[in-house]
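Colleague: The following comprises the amino acid sequence and a computationally predicted model.
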Amino acid sequence: MRAKGVVETGFNWGFLTSGDSREAEQAGILGALVGSIFTMAVTLVICLPIGVGAAIYLEEFAPKNRWTDIIEININNLAAVPSIVYGLLGLAVFLNFFGMPRSSAVVGGFVLALLVLPTIIIASRAALKAVPPSIREAALGVGASHQQAVFHHTLPLAMPGIMTGTIIGMAHALGETAPLLLIGMVAFIVDVPTSFTSATTALPVQIYLWSDLPEVAFQAKTSAAILVLLFFLFVMNGLAIVLRKRFERRW
Amino acid sequence: MDATATAARPKPTASATLPANDPKIVAKDVNVYYAEKHALKDVSLDIPERAVMAFIGPSGCGKSTFLRCINRMNDTIASCRVVGSIKIDDQDIYDPSLDVVQLRARVGMVFQKPNPFPKSIYENIAYGPRIHGLARSKAELDEIVEQALRKASLWNEVKDRLQDTGTGLSGGQQQRLCIARAIAVSPEVILMDEPCSALDPIATAKIEELIDELRQNFTIVIVTHSMQQAARVSQRTAFFHLGVIVETGPTERIFTSPNDKRTQDYITGRFG
């Protein structure tokens, strides 16, 4: 058949530029990819400021008492809660209580933000703690206030560690499937999402959906989608490693 | 090697001995507790203006603790409690209305281990003046940086590489950079917590020479484990032991005819 020119092998650009379809030969990953990007954007915007803010407060400003001990234990425990539980929480709170749009990138982003917040807080606190106290003392010694010492010296030095932690957290969120299933991002969606509130699916969910279909052609689609997901995960982890290598221990 | 050089130098009488009668810092009945531990017991001491005061004593005797009381660095330790009064120019520095940040600008500090910021040499010096608003223009800031580096006798070594990172300097240069950083905010008092303990003898000699020059303009308090160093650089010495000041007086007298048996035992190396 190849000799007759009926079939040819080549890179299937259509796979990357079209949305999902019932027909395996027309199904593409763009919808899920854009959905994942929207979801990640929401997650990042929410959990970076809150996570880093919480870490700075807990590490540098909070008094050390029973309350902060309880908060610390809870953050550590939250990091170990199964992700599907966050999905249930999102279903109960964001969809049922607040009535936010189902299977949208906003809700997906919120849920994943809750999921990775503990990771980011823990990583950021570790990064802040790793800045040697002598730098703080030096800043205080020239008459910097506590806030100035933190924001001019400790935080910039901890930034590579915070960034690494954030990227690892985001990579974790990108691969997360279970919570998204519970908030309805599992629907069959043909259109490429255009806004944060439109019906969306995400890469891992798309993989899950395709892997379930009986048509043989979808096996190849599933594998291809997995490769796309893995590509993004490798890029993100690689970025984290580069950041860490580049900036580690500057004192 | 520096001992002979310092001893041979004629005493700058006008600047050192005259105002030495004028106490800059007056501490009265200072007690410091770390949680349960009573670290300093009823310490009272006058520190003369524009002179070098050395604190000597065995490890854990409270000399560093007392030093860190003078710029309230102990505030950063949660379990630490200070009772008593320390006055600088008749102003109680533990007065609740006093601004600690202003105090630390007036009382600079040089630490045991050189701790330059991991930034450029220029930024290391410029940081203090900038946060205190001491310079109105870039040119003024450049001038402050140059003057501070000159006073710390580091200018000639670094003037061509001010943008290089401060942590790339040698240990002795780093410590002089830290001294320059302290000088840049024009403090009245400079506290030095074993500034030479991490340095080799040549770097130490340079720092000691520098301390001797700086006492023309600053009141210096130095904690040291080296009795030779105390003898070389200071005009007055206080001997701490187990949280109390055993003896204080002119350095020469402390080292030649100490009144207390414990002082004598310590300086002759029988303990500590």
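Modeller: Noted; the coordinates are in hand.
Colleague: and chain B, which residues reach chain A?
Modeller: For chain B, the contact set with chain A under CB under 8 Å from any CB of the partner chain comprises B:71, B:73, B:76, B:78, B:101-102, B:104-105, B:108-111, B:113, B:115-118, B:127-128, B:131-132, B:165, B:167, B:178, B:181-182, B:184-185. The C-beta positions use only the backbone N, C-alpha and C, and glycine is treated the same way.
Colleague: Mind checking which of those are in helices?
Modeller: B:Val101, B:Gln102, B:Arg104, B:Ala105, B:Tyr127, B:Gly128, B:Ile131, B:Cys178, B:Arg181, B:Ala182, B:Ala184 (DSSP state H).
Colleague: re earlier: mind giving me the ChimeraX command for buried ones among the residues of chain B next to chain A?
Modeller: Per 16 or more other CB atoms under 10 Å in any protein chain shown, the buried members of the residues of chain B next to chain A correspond to this ChimeraX selection:
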select /B:71,73,101,104,105,108,109,110,111,113,115,116,117,118,127,128,131,132,165,167,178,181,182,184,185
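Colleague: Could you list the low-pLDDT ranges of the chain?
Modeller: I'll assume chain A. Counting by pLDDT under 70, chain A contains low-confidence ranges at A:248-251.
Colleague: hmm, I had chain B in mind actually
Modeller: Along chain B, segments meeting pLDDT under 70 span B:1-21, B:272.
Colleague: And the helices in chain A, which stretches?
Modeller: With helices called from DSSP H, chain A shows them at A:13-17, A:30-56, A:66-78, A:83-90, A:105-129, A:133-141, A:146-148, A:155-174, A:178-182, A:203-212, A:217-247.
Colleague: Show me where the stretch 151-272 of chain B has its strands.
Modeller: B:189-193, B:219-223, B:236-241, B:244-250 (DSSP state E, counting those that start in this stretch).
Colleague: relative to strand B:244-250, how tilted is the third one?
Modeller: Okay, so that is strand B:236-241. 160 degrees (axes from the mean of the first three to the mean of the last three CA atoms, to 10 degrees).
Colleague: list the helices and strands strand B:236-241 packs on?
Modeller: Applying 3 or more CB pairs under 8 Å, 6 or more residues apart in numbering or on different chains; DSSP states H and E, we find strand B:236-241 packed against strand B:37-48, strand B:52-56, helix B:63-70, strand B:244-250, helix B:251-256, helix B:261-267.
Colleague: Quick one, which of those gets closest to A:Pro204.
Modeller: Relative to A:Pro204, the nearest member of those by CB to CB is helix B:63-70, separated by 54.6 Å.
Colleague: The nearest residue to A:Ile167 once chain neighbours are set aside: neighbour count?
Modeller: Computed as CB to CB, 6 or more residues apart in numbering or on different chains, the closest residue to A:Ile167 that is not its neighbour in sequence is A:Ala240, at 4.2 Å. A:Ala240: 20 surrounding residues under other CB atoms under 10 Å in any protein chain shown.
Colleague: Chain B versus A:Ala240, what's the distance?
Modeller: Here A:Ala240 is placed at a distance of 21 Å from chain B (CB to the nearest CB, to the nearest Å).
Colleague: show me the contacts for that residue.
Modeller: A:Met163, A:Thr164, A:Ile167, A:Ile168, A:Ala171 (CB atoms under 8 Å, 6 or more residues apart in numbering or on different chains).
Colleague: Setting aside sequence neighbours, what's the nearest residue to A:Val116?
Modeller: Among residues not flanking A:Val116 along the chain, A:Gly169 sits closest, at 3.9 Å (CB to CB, 6+ apart).
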